[in-house]
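[1] Turn this into a model:
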Amino acid sequence: MAALGSIGSALALLGLKVFLAVSTGSLGVLSEALHSGLDLIAAILTLLSVTVSDRPADSGHTYGHGKFENFSAFVETGLLLATSVYIIVEAFVRLLYKQVRLQPSATAMAILGLAMCIDLIRSRALARVAREFPSEALEADALHFSTDVWSTFVVILGMGAVWLGQHYGVTWLQNADPIAALGVAAIVIWVGSRLGKRTLDALLDVAPAGLQERVTREVAGLEGVLSTERVRVRRAGNKHFVDVTISVPRSASFEQVHAISDAVERRVGEIVPADVMVHMEPRAAAGEHLFDAIRAIAARKGLAVHEISADQLDGRLFVEMHLEVDEHLSLREAHRRATELEEEIRTLPGVAASSNRSDAKVNIHIEPLGTHIAAVDGQRGEMTGLGRAIEKYINTLPREFHELVDCHEVHVRQVEHKILVSCHCAMDGTLPITQIHDVTGTLEDRVKEHFPQIARVTIHPEPVEER
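    Down below sits the predicted model:
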């Protein structure tokens, strides 16, 4: 609607200025009429550009149609500069070779004043819409028409100076009209150069001044981002496309990395409306813990490790862990993978700095990665009698283990000829998890000692207040 209104205004102003140029013979008014003719072409281009550029991306234009706005503005710049060349040539012809008799009047100046008011209202309306719906074409149109206000004002001054010269016999004031036309040409060239530079920058994918630095700074300050390694920005019409490469902790999980990526997209969107692409590079964080480095190495090799521990004696570092491998692997293949993991762990700075690499010892317990879902033996099912006996036994142990409050939810089942037990134990919730882990391990051993037929015991510890 703003572009259509601009076309209507341009038609009205063109008609007024053509009438005045014919009736007065003023080069200044003629230059304004030509300027308004270009305004009409520019307004039509603006309507076409905002219509086409608003189309969504398709298979042939995967980045959308926003560049059409920039192209139309570039064409408008060429028209402006061509007009200014014509005005300059004609002005010098009148100044040096040809005398033209002007017929200035108060009516003509009043009409030009009305045109100036229309230009002022139109440029402000376009600027408001361009801010509300970010559009480079509408913004360029608003900038274009705002200069019409000044150029029309210069023409009014030139016509007034000619009128004064004719009434008071000051002959040199007859040159005020072509001089005013030169003023209009200067304004057109100034506006055209600014508009041309902006549109050419957009067509050549020049990053908006300061935007790349701001995105780099803001993204680097987000939680989970170690550093911003590269930022690329391009603009198409009223839309920006931002590619950001960041480094993230290599120990972070996929879900954590995805959350960091979402945070980066939101922050960039707060800086400038944009289509954001985030690429993550895993990096070791400054001061990364040895255990995190070991987990990162294992994750890169597609291996699962747990129960990592390390101790140091007489300058020699001992690292131990459990490694889970495919249960279908042979010992030879599983040992090969464990050996590769050991060798890479010995190259870690934390291991090499703590002891001589050849002296550092890495001991890996290999166990199958459970993937098999077993069925409970149908003939035995859950053994409730044994379960009650186990619960009663564990509930006699709080006198020996002060951390233990009680045992409940005991389940006993026979699976593939093995008796398995699971239960919940309420414990003091303020105790550290390391102490609780030691206690549950000891309790599991005690239950298996008291009931030798049991193959495995799994205890779930929980705070007593959440029992």
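
[2] Pro432 - how many residues pack around it?
    8 (other CB atoms under 10 Å). Using the backbone N, CA and C atoms, a C-beta is placed for each residue, glycine as well.

[3] Hmm, I typed the wrong one, I wanted Ile366.
    Neighbours around Ile366, by other CB under 10 Å: 14.

[4] The strand or helix carrying it - contacts with which helices or strands?
    Using DSSP states H and E, Ile366 maps to strand 361-369. When contacts are defined as 3 or more CB pairs under 8 Å, 6 or more residues apart in numbering; DSSP states H and E, strand 361-369 packs onto strand 316-326, helix 331-346.

[5] Pick the most buried one from these.
    strand 316-326 (a mean of 17; mean count of other CB atoms under 10 Å).

[6] Helix or strand for Ala455, just tell me which one.
    strand 454-463.

[7] Quick check: buried residues in the strand holding Ile366?
    Across strand 361-369, burial judged by 16 or more other CB atoms under 10 Å covers 362, 364.

[8] returning to that earlier point: nearest to Ala304, out of the helices and strands packed on strand 361-369?
    Nearest to Ala304 among the helices and strands packed on strand 361-369 is strand 316-326 (4.2 Å), distances taken as CB to CB.

[9] Work out the sheet partners of the closest one and label each with its direction, please.
    Next to strand 316-326 in the sheet, as set by DSSP bridges, lie strand 304-313 (antiparallel), strand 361-369 (parallel).

[10] I'd like to know how far the closest residue to Leu200 other than its chain neighbours sits from Leu40.
    Leaving aside its sequence neighbours, Leu200 sits nearest to Phe74 (CB to CB, 6 or more residues apart in numbering; 6.7 Å). For Phe74, the distance to Leu40 equals 18 Å [CB to CB, to the nearest Å].

[11] Pull up the pairing partners for the strand holding Ala455, direction included.
    Assessed with DSSP bridges, strand 454-463 is paired to strand 418-427 (parallel).

[12] now the strand it pairs with: how far from the chain's centre is it?
    Remark: strand 418-427 is offset 49 Å from the chain centroid, using CA atoms, centre = their mean, to the nearest Å.

[13] Student question: in this protein, what's the helix or strand with minimum average pLDDT?
    helix 349-354 (a mean of 66; mean pLDDT, DSSP states H and E).

[14] Find the residue ranges of the stretch 151-300 of the chain scoring beneath the pLDDT cut-off.
    Low-confidence segments of the stretch 151-300 of the chain, defined by pLDDT under 70: 151, 154-155, 158-159, 162-163, 165-178, 181, 202-207, 237-238.

[15] so which strand or helix has Leu126?
    Going by DSSP H and E, Leu126 is in helix 106-132.

[16] for that helix, packing partners?
    Short answer (3+ CB pairs under 8 Å, 6+ apart): helix 106-132 packs on helix 2-24, helix 27-53, helix 136-168.

[17] Report the contact partners of Ser84.
    185-186, 188-189, 192 (CB atoms under 8 Å, 6 or more residues apart in numbering).

[18] which SS class is it?
    helix (DSSP: H, G, I helix; E, B strand; the rest coil).

[19] Now that we have the contacts of Ser84, which of them are buried?
    Buried among those (16+ other CB under 10 Å): 185, 188-189, 192.

[20] Could you dump these into TSV and include secondary structure?
    Conversion of the buried ones among the contacts of Ser84 to TSV gives the following (three-state DSSP):
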residue	secondary structure
Ala185	helix
Val188	helix
Ile189	helix
Gly192	helix
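
[21] For those, give me a markdown table that also has distance to Ala296.
    A markdown table is the format used below for those (distance: CB to CB, whole Å):
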| residue | distance to Ala296 |
| --- | --- |
| Ala185 | 66 |
| Val188 | 62 |
| Ile189 | 60 |
| Gly192 | 57 |
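
[22] out of the residues you listed, who's nearest Glu400?
    Checking these one by one against Glu400 (CB to CB), the nearest turns out to be Gly192, at 91.8 Å.

[23] circling back to that earlier point, farthest-separated two in the buried ones among the contacts of Ser84?
    Longest span within those, CB to CB: Ala185 and Gly192, 10.1 Å.

[24] re earlier: what's the burial count for the residue nearest to Leu200?
    Phe74 has 17 nearby residues by other CB under 10 Å.

[25] Name the SS class of it, please.
    helix.

[26] For Ala236, see how far away it is.
    On the measure of CB to CB, Phe74 and Ala236 end up 13 Å apart.
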